[in-house]
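J.: Okay, structure incoming, though there's no sequence with it:
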């Protein structure tokens, strides 16, 4: 439970700050009257792209060093604390375009800190699970994240956002200078802080290597290269999986990034109903993650991911040829049913493949490979939208990335079946 509460709290950053509330405030309000021809949306994309580059460069080494130093819990605490600080600092971003750069900088820093925290968090999964229940534990964590997002989104909407006029929400907070949204940033930061604390006190720290065997920062990169070479020679399917998961996880990210936009521009969903759809999608995804986790423990993670990707491809293809809000509600929610299991089992897949003592490093590589192709789905969405002159055509770009991920995963040998002895988890 303590481990899962971090996921519950992390929804404050993912759902409220990065997806539904503060990023929208930055682009639609703070940067609305930005001088020049470049939109606030473009600046947001570049800021997050730069953050992704930093994550790709530093995630594997920070994970490796936290493993070696026996500081996995400490690392999680430090990075989580920095995420919270960046969230609280968003309170100072007023509704004036001069503050856009502060907001974008804090959002980019928060994204970097969050991804680095997640490296240590994911690496803890083997500490709080067994080979027999790792799928259920991972699914539980994802579900906690979804449900945490639902509760917090509804809370801030009712208290600070709902309504019209100069004051908003049940608390009647002023909209002057974006105060009501800035208060949401404070609430989200405190929410994450409170629910991140249990894992820092309950999950024991790991044992690192002797101090005289630890490497310096730059020497860690040399070790990383050697480890990757050795990993490819001894466990090639682990490397293959990192590549395949990078592809289909980029498709999953694109679903969240462009889903709300497509709902409004293509299927005629109102702005208010998009929030309701987001709540419903989180519920469905959470249930899917829980059920998928049980199948993960019984038949392994690969079948769960394959079925999930096929389900998303089928639902997305149907949506491509349909119109109207009803179609989007039905098949959009059907698609989200498969998102949770795909995310959860991807995490357990790597955990089952990873040699003991290298979880931090491997989940650092997991973050890096995911960021390495994070441009692909957005680029293809923009390409198909431009070529066909239709927002609907952008769906093809997302489906193509999911299909490429499925094809790449097909050749990856699955990890050992659930119930195998723990020492066999590193075998491929």
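T.: Nice, I can see it. No experiment lies behind these values; they were computed from the predicted model shown. Numbering: from 1, shown residues only.
J.: For the helix or strand harbouring residue 406, name the packing helices and strands.
T.: Using DSSP states H and E, residue 406 sits in helix 394-410. The contact analysis (3 or more Cβ pairs under 8 Å, 6 or more residues apart in numbering; DSSP states H and E) places helix 394-410 against helix 236-265, helix 301-320, helix 376-388. In short, each C-beta sits where N, CA and C put it, glycine included.
J.: show me what contacts residue 201?
T.: Going by Cβ atoms under 8 Å, 6 or more residues apart in numbering, residue 201 touches residue 2.
J.: Please identify the buried residues of whichever strand or helix holds it?
T.: Secondary structure from DSSP H and E places residue 201 in helix 179-202. Across helix 179-202, burial judged by 16 or more other Cβ atoms under 10 Å covers 179-185, 187-189, 191-193, 195-200.
J.: thinking again about what came up before, please state the offset of the helix holding residue 406 from the chain centre?
T.: 18 Å (Cα atoms, centre = their mean, to the nearest Å).
J.: ok, now stretch 190-208?
T.: For stretch 190-208, the distance to the chain centre is 19 Å (Cα atoms, centre = their mean).
J.: Also stretch 91-107?
T.: Its chain's C-alpha centre and that of stretch 91-107 lie 23 Å apart, by Cα atoms, centre = their mean.
J.: What average pLDDT does that stretch get?
T.: Throughout stretch 91-107, pLDDT has a mean value of 95.
J.: Likewise for stretch 42-57?
T.: The predicted model assigns stretch 42-57 a mean pLDDT of 78.
J.: now stretch 13-25
T.: On average, stretch 13-25 scores 84.
J.: Make 388 the starting number, not 1.
T.: Sure, I'll start counting at 388 from here, so that last one is stretch 400-412.
J.: related to what we said a few turns ago, which elements pack onto the helix or strand following the helix holding residue 588?
T.: Under the assignment DSSP H and E, the closest C-terminal helix or strand after helix 566-589 is helix 604-621. Secondary-structure packing of helix 604-621 (3+ Cβ pairs under 8 Å, 6+ apart): helix 427-455, helix 623-652, helix 746-759.
J.: what about those helices, which gets the closest to residue 731?
T.: Checking these against residue 731 by Cβ to Cβ gives helix 623-652 as the closest, at 11.2 Å.
J.: Also compute the angle for the helix or strand following the closest one relative to helix 688-707, please.
T.: Sequence-wise, the next helix or strand downstream of helix 623-652 (DSSP H and E) is helix 658-686. If you take axes from the mean of the first three to the mean of the last three Cα atoms, to 10 degrees, helix 658-686 sits at 150 degrees to helix 688-707.
J.: on that earlier part again, ok, which of the helices and strands packed on helix 781-797 comes nearest residue 742?
T.: Distance to residue 742, taken as Cβ to Cβ, is lowest for helix 623-652 among these, at 8.6 Å.
J.: sorry, back to before: and the helices and strands packed on helix 604-621, which is most packed in?
T.: Highest mean neighbour count of these: helix 746-759, a mean of 25 (counted as mean count of other Cβ atoms under 10 Å).
J.: State the mean pLDDT of that one.
T.: 69.
J.: What's the separation between the spatially closest residue to residue 692 that is not a sequence neighbour and residue 527?
T.: Closest residue to residue 692 apart from its sequence neighbours, by Cβ to Cβ, 6 or more residues apart in numbering: residue 732 at 5.0 Å. Computed as Cβ to Cβ, to the nearest Å, the residue 732 to residue 527 distance reads 13 Å.
J.: tell me, what's touching these two both at once?
T.: Joint contacts of residue 732 and residue 527 (Cβ under 8 Å, 6+ apart) are residue 680.
J.: Settle it for me: which of these two has more neighbours?
T.: residue 732 (29 against 21; other Cβ atoms under 10 Å).
J.: from the chain's centre, how far out does the host helix or strand of that one sit?
T.: Assigned by DSSP H and E, residue 732 falls within helix 712-740. Here helix 712-740 is found 13 Å from its chain centre; the criterion is Cα atoms, centre = their mean.
J.: What mean pLDDT does it get?
T.: 89.
J.: orientation of it relative to helix 604-621 in degrees?
T.: Using the same axes, to 10 degrees: helix 712-740 against helix 604-621 is 90 degrees.
J.: And the residue lying closest to residue 557 once chain neighbours are set aside, how far from residue 657?
T.: Of all residues not flanking residue 557 in the chain, residue 546 sits nearest, at 5.4 Å (Cβ to Cβ, 6+ apart). According to Cβ to Cβ, residue 546 and residue 657 sit 22 Å apart.
J.: How about residue 746?
T.: Using Cβ to Cβ, residue 746 is found at 44 Å from residue 657.
J.: can you check residue 590 too?
T.: Residue 590 sits 43 Å away from residue 657 when distances are taken as Cβ to Cβ.
J.: ok, the two, which is more surrounded?
T.: Neighbours were counted for residue 590 and for residue 657 using other Cβ under 10 Å; residue 590 has more, 18 against 12.
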